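K.L.:
Using only what follows, build the 3D model:
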Amino acid sequence: MNLYFLVEGKRTEPKVYAAWLPLLFAGLTRAVKIEDLQGNHFLILSANGYPFARNLLANVLADVRSHGQIDLLFVCMDAEEETVAARRQELEDIIAQSLSANTLPMRYAIIVQNRTIETWFLGNRRIVSRAPQGESLRQCLQHYSVVEQDPERLPVPDGSAANHATYHHHYLKAIFNEHGLTYHKNNPGEVLQESYLRQLVLRTRDTPHLATLNHFLHVCQDLGGILPARGDSV
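P.N.:
Just a heads-up that it's a prediction; the model follows:
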């Protein structure tokens, strides 16, 4: 099986998907270039931001079509301040326009990270301290508990100058700081571990939360991926 990932971010997403995919698909290894996709490999291409992704997508579609042996193209983008439906439709329109002149079928999956990939990471209930010592996490939990409520619905506090992406990133850092851990886009740390992914999978199974993450996991499962949802690790 060969998988091609076009991701929005240049720092976090390539690292996270590169760590998660071998956990979801046994024997799948990362390729450096599209020519290396010769069986049981995945390729990750960063668009370096959404505006660039719009322009890059048509070229990626052409490359995938020319290769001919890629089982699925994943297009993974943030919703940010848009709705999931609006972001998905933008991408569907670009894909439809690009493929309209070609009759060859192509399998693709649009994954909209609502609001960002950091929003997904807020879904690990086990890592969130219920009695935080730090003021930052205490304020975040008082505003909105990502343990009890859907992280994808986490609003920005009234009066804040932050957008959703910035606030969700702030909330995640506060969670990590409570345990003496750090989270940086260049170094997602614990998020890369199987135990962390396991907790996110459990969240999607136990609740209706994290719908866009659940969509990604279901696409992987349909391809034969095995979701690591055993045990009680952090």
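K.L.:
going forward, measure contacts between C-alpha atoms and count neighbours the same way
P.N.:
Fine.
K.L.:
tell me the centre residue of this protein?
P.N.:
Central residue of the chain (Cα atoms, centre = their mean): residue 117, 4.4 Å from the mean position.
K.L.:
In contact with that one, which residues?
P.N.:
Taking Cα atoms under 8 Å, 6 or more residues apart in numbering as the definition of contact, the neighbours of residue 117 are 13, 78.
K.L.:
Am I right that residue 45 is in a strand?
P.N.:
Yes: assigned with DSSP: H, G, I helix; E, B strand; the rest coil, residue 45 falls within a strand.
K.L.:
Check the offset of the least confident helix or strand in the chain by mean pLDDT from the chain's centre.
P.N.:
Least confident helix or strand, the chain: helix 50-67 with a mean of 89, by mean pLDDT, DSSP states H and E. Here the centre of mass of C-alpha atoms in helix 50-67, compared against the chain's by Cα atoms, centre = their mean, to the nearest Å, lies 19 Å away.
K.L.:
contact partners of it?
P.N.:
Among residues not part of helix 50-67, those counted as contacts by Cα under 8 Å, 6+ apart are 4, 6, 8, 34-35, 47, 70, 73, 77-78, 91, 94-95, 98-99, 104, 106.
K.L.:
how about stretch 107-117: buried residues?
P.N.:
Neighbour counts using 16 or more other Cα atoms under 10 Å place 108, 110-117 of stretch 107-117 among the buried residues.
K.L.:
And for stretch 162-179?
P.N.:
Residues of stretch 162-179 classed as buried under the neighbour-count rule (16+ other Cα under 10 Å) are 164-165, 167-176, 178.
K.L.:
swap in stretch 6-19?
P.N.:
Going through stretch 6-19 with 16+ other Cα under 10 Å, the ones that come out buried are 6-9, 12-19.
K.L.:
quick one on the thing from earlier: I'd like the buried residues of stretch 162-179 written out as JSON lines, with distance to residue 131 and pLDDT added.
P.N.:
Formatted as JSON lines, the buried residues of stretch 162-179 follow (distance: Cα to Cα, whole Å; pLDDT from 0 to 100):
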{"residue": "164", "distance to residue 131": "25", "pLDDT": "97"}
{"residue": "165", "distance to residue 131": "25", "pLDDT": "96"}
{"residue": "167", "distance to residue 131": "21", "pLDDT": "98"}
{"residue": "168", "distance to residue 131": "20", "pLDDT": "98"}
{"residue": "169", "distance to residue 131": "20", "pLDDT": "98"}
{"residue": "170", "distance to residue 131": "18", "pLDDT": "98"}
{"residue": "171", "distance to residue 131": "15", "pLDDT": "98"}
{"residue": "172", "distance to residue 131": "16", "pLDDT": "98"}
{"residue": "173", "distance to residue 131": "16", "pLDDT": "98"}
{"residue": "174", "distance to residue 131": "13", "pLDDT": "98"}
{"residue": "175", "distance to residue 131": "11", "pLDDT": "98"}
{"residue": "176", "distance to residue 131": "14", "pLDDT": "98"}
{"residue": "178", "distance to residue 131": "10", "pLDDT": "97"}
